[in-house]
Structures are given as structure tokens and as C-alpha cells.
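**Student:** sequence plus predicted model, see below.
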Number of protein chains: 2
Amino acid sequence: MSALRRPDGFSNAASGPNWLNTILKGDCVAAMNRLPDASVDIIFADPPYNLQLNGDLHRPDQSKVDAVDDAWDQFDSFEAYDAFTRAWLLAARRVLKPNGTIWVIGSYHNIFRVGAKLQDLGFWILNDIVWRKTNPMPNFRGRRFQNAHETMIWASRDEKAKGYTFNYEAMKAANEDVQMRSDWLFPICTGHERLKDDKGDKLHPTQKPEALLARIMLASSKPGDVVLDPFFGSGTTGAVAKRLGRHFVGIEREQNYIDAALERIEAVKPLGTAELTVLTGKRALPRVAFGSLVDTGLIKAGAMLWDAKRRWSARVRADGTLSIGDEAGSIHKMGAHVQGFDACNGWTFWHYERAGGLTPIDELRRIARLGMEKAGA
Amino acid sequence: MSALRRPDGFSNAASGPNWLNTILKGDCVAAMNRLPDASVDIIFADPPYNLQLNGDLHRPDQSKVDAVDDAWDQFDSFEAYDAFTRAWLLAARRVLKPNGTIWVIGSYHNIFRVGAKLQDLGFWILNDIVWRKTNPMPNFRGRRFQNAHETMIWASRDEKAKGYTFNYEAMKAANEDVQMRSDWLFPICTGHERLKDDKGDKLHPTQKPEALLARIMLASSKPGDVVLDPFFGSGTTGAVAKRLGRHFVGIEREQNYIDAALERIEAVKPLGTAELTVLTGKRALPRVAFGSLVDTGLIKAGAMLWDAKRRWSARVRADGTLSIGDEAGSIHKMGAHVQGFDACNGWTFWHYERAGGLTPIDELRRIARLGMEKAGA
DNA sequence: GTGGTCACTGAATCTTTAC
DNA sequence: GGTAAAGATTCAGTGACCA
């Protein structure tokens, strides 16, 4: 294992496998093949886009656009690009945990090929996410629409993997309490965040903004998770992972990018547990069994419950089930039963009498949780 | 040709081929195969998204694909969808004019496969456009991001086809005078625009908003162009085409959709010629040789020209070239020369003295064009 | 410090016509 | 077909420098 020095500041510096929080040098497929099966929680991949640029492009002021013409972005054909994509996706799939997810970013030049190959290999697309750029480069010749976005695909390892991490509440809380949409707005990476070389030019042609990676990790990983980036480049994934209390594994071929990324990551200060808790949003609320409400006396065995319009009623039994005539079952089952539905949230369907009106039993659950907090549970 | 009755209100009702402004009933590949080569200007296609093959899909040989519950595994399903996509894209490519363009809309379920196949068949992607929905359906389970957009691919027939229509200036003017971006914001189709069946339910599951089609046609077609929609459905393409002075050809298999679309299109009132006039830029104006300004006396041989800041000057020669010291050449060449650039627009770079100030020689070109108009040239 | 000007820059599949 | 010439074209920033 050609693990490089591990940057400072990781709590597990002395523990964990030797490839954790390091940058592996070399080809991404070969490097991934040296990692164990099912060893990473999420993968962020920013593969070559295969831009297929022709000649030079000049701005109206005659200055030349600094194009991405690096050798690593050159492919002979779509077939060659597809073969490359298939190879690294296969390697990535093996190292991904069964409930892990993968993110791939691209533009219209490559993203359709990547998406099709993801599906071919059995990955299951969860969302396509549009990164809308606040400040994209214009279309200088006025021959197309301004290319103002890039596309990310978020996919689970396979269709049956339902246990992937999605911090729904955290995303909602971060989005003014409405669901986070599939279109995200961020500036491109400029200013001081953009790494520069000795001459003051951009170090890497396609450095991604940290805000983008932060949202990805906050949405789809937990503190302590391992994030793999097979096209590590300037190390944005590693920097954000360290700040957010995740572990990273980077793979990169070029030594100058590795050096810059290590230095960058070492300078990152991890957030404290308290700050991370805030970012993670609402903690998962403790589950409350309806029966425990009976046990603790919040509601008494024998009490009557109604739906909001008093069309149906049920009696609370000592074991925490409801009975209606001869039938009995959980609050959910019985709510579904009377309505003729397959499913029902009994907490919001059933109500109890209080001060002459009806109150959802969810209120009792809330009270029960307050009691659990006080108890330090 | 199984052309149906042509809706009223088309100026060419008595002329044009018999398939113009009609809906062809049947399979889209078979129907397109009955149209002539290179006969349509743009194609808008909203193919089935459904990868479960529930009866909507046919193989290229017209045999029906078995429904979902059968032994078709995922890979076979994707293969069948790819074959279907390839078949209709090939047929579409033949009927598209050399400088025509195609729009395909889809979601993450199918758009990656469609995009890859477009590239495989030689189409050249110009943009991918994101339709951001103002009012998307929420994600009810809270297990993914709200799927708040759909993706459109805009492609020319092949890489070398540079003569496609793109009304850049009109799009820019419609967007607060900055160039139109690749992310568009529109509501989904609801309210009175949404066609209803006898029971008041939505007639078609995926009726697209007219605003979306309007932007597509205003951006990439001219009045009088022919717009083909091989998955016509409720006829949004036809309705918008008629309103915007374009011709349509629709293909649809289900008679109830055809009936509804015909009725809908007949009710549309076309806009007048004046309202349809498209803002054009300098590209559309007649060319003027600088020498002709000298010939007509708008500027005199021997006159001096300066750049806007009077850093450089040049002398007009009788043949319409400029001289600076020993060097001479066109207004463009000399403008580039003094600045050390490869290229320069001499019309806006060089200025002449008027009323004590400097005016671009482009003003003289404008005057010359006015004279050409009066002369009826 | 403040404000104004100017130079520079970003994953880019970026022209049209005449000869 | 190719080559050469004409001529059309940019948005949201950041940062340096100067008054």
C-alpha cells in the first residue's frame, strides 16, 4: 500500500487502516483495487469530462480563454471514454459498502455516458442534482445558451439498498424548512479558496468549491464515515471531510496535486462536535411506543380515541393496542383499517379528549419525549 | 399517408405537403419513415420515461416488449429502452434538415441513456437545459432530494453543422439583456392550461407547459419553420407552433389524445407577423465594405481615423484600406496590428472626428445601410 | 478607510463568407 | 474540399492600484 504521510488533525491518527486519511498515488483503478471490499461509505468522483475542444477561444477583448486541454482529459473516442468509465465505476462499486452511495459530477460532454454506465452496472440513481453556477463563464460567441450549470448523479449501490444515509431533516433545516431541491446554487471556486501555483495561476484547472462538497457530505454521510475520492486533484474532498469530521481516502496521479492537497488538508481545522451537531440538523427523535404512554400513565387503559371528525372511535388497551369491536391492533393498523387504507400514521390520525376538544395523540408523544430528555435518555 | 384533418387557422392550409400541420396516427418510427428526408427544421421529443416497459415500448421490429413482471431483468430493460431510443432517433435524424436541431426532454430515469445514444448516433450536443420547476411534487418519503427539475438536451444533426438557428439576441433581450442561461424556471402545467378528460381528471400524464415549448421555438426556430413532435400526446407542440407562426407535424398512437390535440390546436389564434418579428443582431444585417464608404463619399480618402483613446491613428486610402506609416491593410487588420492582436473588429475600433469628438466608423456603416434600404437594394 | 478604475478570470465541445 | 479574410462577441466577480 503506497500510503503517503497522513495529514495532522485526525482523531484516529493512531488507529484505523493505514490507507485512511491518506492520498494514494497512482491510477485510480489500480489504487481502488488495493482497498478492501465494502470499505467506504460514500464516493465523490470528479472524472475527466472529455471536453473535445477544437481551437482556441478568445473573449471579445481578444484575451485567450485558458482552456482545459490537459492530457488527462483527452480520449480517442466515446468507446474509449466508456471503457474508462466502466473500469473505474466497477472498482468503485466493489469498495463501496452495501448501503454506500456514489456522487459523480460532470457536464453534458460526459455525464450522459456516465449516467448510462452507472445504470448498466447496477447502481440505482437516487437523484440527479444540478449545480447552478452564480458566475459561470459566458458564451462569448453568442451561438448557444450560456452553459451555467453542471450535473451530479447521486446513486446507491443497487436498487435494493434502502439503508443509505440521507439526512433529510438537516437538508430541510438548511433550506428554510422546506425540502432541499435537486437544483443547488453555488459560486464557482475563485478568490482565496482557489489554490494557486508559484506563478499565481490556478493550480488545478477544475477545483470544485468546498460549499458543494460540504452539502454533499452533510446530506449523505455521517460523522466518522469514510469518503473516497478517486480523482482527488487539489483535495477539496479531503479538506471538507476533515472539517466535517469525516475520514477521506484520496487517489491522485500527479505529485504536485498531492503535495498541494496535503498542505491544504493539514491547514484545515475540524469542527467541534457541537458545531457538527448543529449542521447535522435535528437529531433523530427517539422512538416512542404507544404502549409506553399507557405504562407511564399519560393515557389510561380503557380511554377512548377518535379520528379528528369523530367518525370512528377506538378503545385503548393495556398492552398499547387499540380495539374496535372484535378487531384490535396497533394505532397505525387500526387507523388504516377503519379507513380502508393499507397504511396510516396513527400518531396523527387518533385523537384524545382534552378540555372539551380533540387533540392528536402525537401531543402525548411529544410530552413523553420531553420526559425522556429530562431523564437523560 | 395517414394524415388526419388539418386544424383550421394555418395560412398554408391550401399549400405545402399533406402531412404539414397534421397529426399522423401510429408508431413514431413508422410514421417518420413515411416523411421525406431533411424535411423538418426542429424536433421536440418527449419520449416515454418509463423504463419498466409497461406496454409503451416496442422493439425496433415493432414486436411488443413484455410487461414488467416478466423475466426482464434490469439489463434487458435498459437494452430494450436503448434499442427503442436508437430506432426513433435514427428515424428522426433522417427527417431533420442538415442545419436542424433536436430537443429531447427527460428525467434521470431515461435522459442519460438518451444523451449517450444521441452522441453515439452523431448528433452534436449544443446545450443541456435544466427546466427548474417552480412547483414540483414534493418527495413524500423524505428519502431523497425533491426532484425539482427535468433535463432537456439540445443537439444539432452533426458536429459540422454550424448553421443551426439560435436567436441569441432575442433570448438575451428576453432575459434582462444578459445572455440566456442553461437553467430555465417555469411552473409545471396546471390550471386551465391542463387538459382534462370527461371526469375532470388530467387527460395526459405528462403534459408540458406551453411556456417551455414557446421558449424552445423562439430560441431555435424561425417563423414558417416546421416543428416535428414524434410523441405528440396532448399536442402542446402543435398549439405553440400555431400560435408562434410555425408549422407542426405530430405523431401519436392513441386516438383520444389525437382528438383532444386537434380540438386544442383549432382553438389557438396565431400571433400576427408584427408580433412574431424576431430581434436580430448585426449578423443579420447586409455586409458593407469599408471601401464603399469612400466610394460614396461618406468618408474621404486621406481622412484620419483614431482608436477611442487616440493612442493610434491611421489614414484612409482611396481603395478602402488604412495606412499607418509603411504598413497598410483592412480596417480589421490594422486594428489588430496596432494592438498586437490576431483579430479586431475595425468597425468599432476605429473612430473619425466629428463635432470635436470621436465617433466609431460603425456609425458611417449604419448610414450607408440606410442608403441601401432607400435604394431598394 | 473609501471609492473608482482597470486588469484579469472561470471544465468552452463558441462564426461566417468568399475565393 | 481547403484557406483566408471579414467581422461579431461577455457575466460575475476578485484584486491591485490610485486618488
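**Tutor:** Yes, it's here.

**Student:** for chain A, what spans make up the helices?
**Tutor:** Using DSSP state H, the helices found in chain A span residues A:28-33, A:78-95, A:111-120, A:168-174, A:210-220, A:236-243, A:255-266, A:273-279, A:290-295, A:331-339, A:346-349, A:362-374.

**Student:** touching the shortest one from outside, list them.
**Tutor:** Under the criterion CB atoms under 8 Å, 6 or more residues apart in numbering or on different chains, residues A:290, A:307-308, A:322, A:330-335, A:360-362, A:365 lie in contact with helix A:346-349. Any C-beta I mention is one placed from the backbone N, CA and C, and that applies to glycine too.

**Student:** buried ones in that helix?
**Tutor:** A:Gly346, A:Trp347, A:Phe349 (16 or more other CB atoms under 10 Å in any protein chain shown).

**Student:** so for that helix, mean pLDDT?
**Tutor:** For helix A:346-349, the mean pLDDT works out to 91.

**Student:** what is the distance between it and the centre of its chain?
**Tutor:** Centroid separation between helix A:346-349 and its chain, computed with CA atoms, centre = their mean, to the nearest Å, is 30 Å.

**Student:** that older thread, how about the helices of chain A in CSV, adding distance to B:Lys222?
**Tutor:** Compiled in CSV, those are given as follows (distance: least, CB to CB, whole Å):
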stretch, distance to B:Lys222
helix A:28-33, 47
helix A:78-95, 32
helix A:111-120, 29
helix A:168-174, 44
helix A:210-220, 39
helix A:236-243, 45
helix A:255-266, 48
helix A:273-279, 52
helix A:290-295, 67
helix A:331-339, 57
helix A:346-349, 56
helix A:362-374, 60
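
**Student:** so which of these is nearest B:Ala91?
**Tutor:** helix A:111-120 (20.2 Å; CB to CB).

**Student:** neighbouring contacts of that closest one?
**Tutor:** For helix A:111-120, using CB under 8 Å, 6+ apart, the contacting residues are A:47, A:78, A:81-82, A:85-86, A:89, A:102, A:104-106, A:125, A:128, A:150-151, A:153, A:155, B:74-75, B:78, B:108, B:111-116, B:118-119, B:128, B:153.

**Student:** of the residues you listed, just the buried ones, ChimeraX syntax please.
**Tutor:** Provided next is the ChimeraX selection string for whichever of the contacts of helix A:111-120 are buried by 16+ other CB under 10 Å:
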select /A:47,81,82,85,86,89,102,104,105,106,125,128,150,151,153,155 /B:78,108,111,112,113,114,115,116,118,119,128,153
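
**Student:** quick check: beta-bridge partners of A:Ser156?
**Tutor:** Beta-bridge partners for A:Ser156, by DSSP bridges, are A:Thr101, A:Trp124.

**Student:** tell me, what residue is most central in chain A?
**Tutor:** A:Ser220 (2.3 Å; CA atoms, centre = their mean).

**Student:** what residues does the stretch 151-300 of chain A put near DNA strand D?
**Tutor:** A:Pro187, A:Thr190, A:Gly191, A:His192 (CB under 7 Å from any atom of the strand).

**Student:** now, which of the residues you listed sits nearest B:Leu228?
**Tutor:** Distance to B:Leu228 across those (CB to CB) is lowest for A:Pro187, with 39.7 Å.
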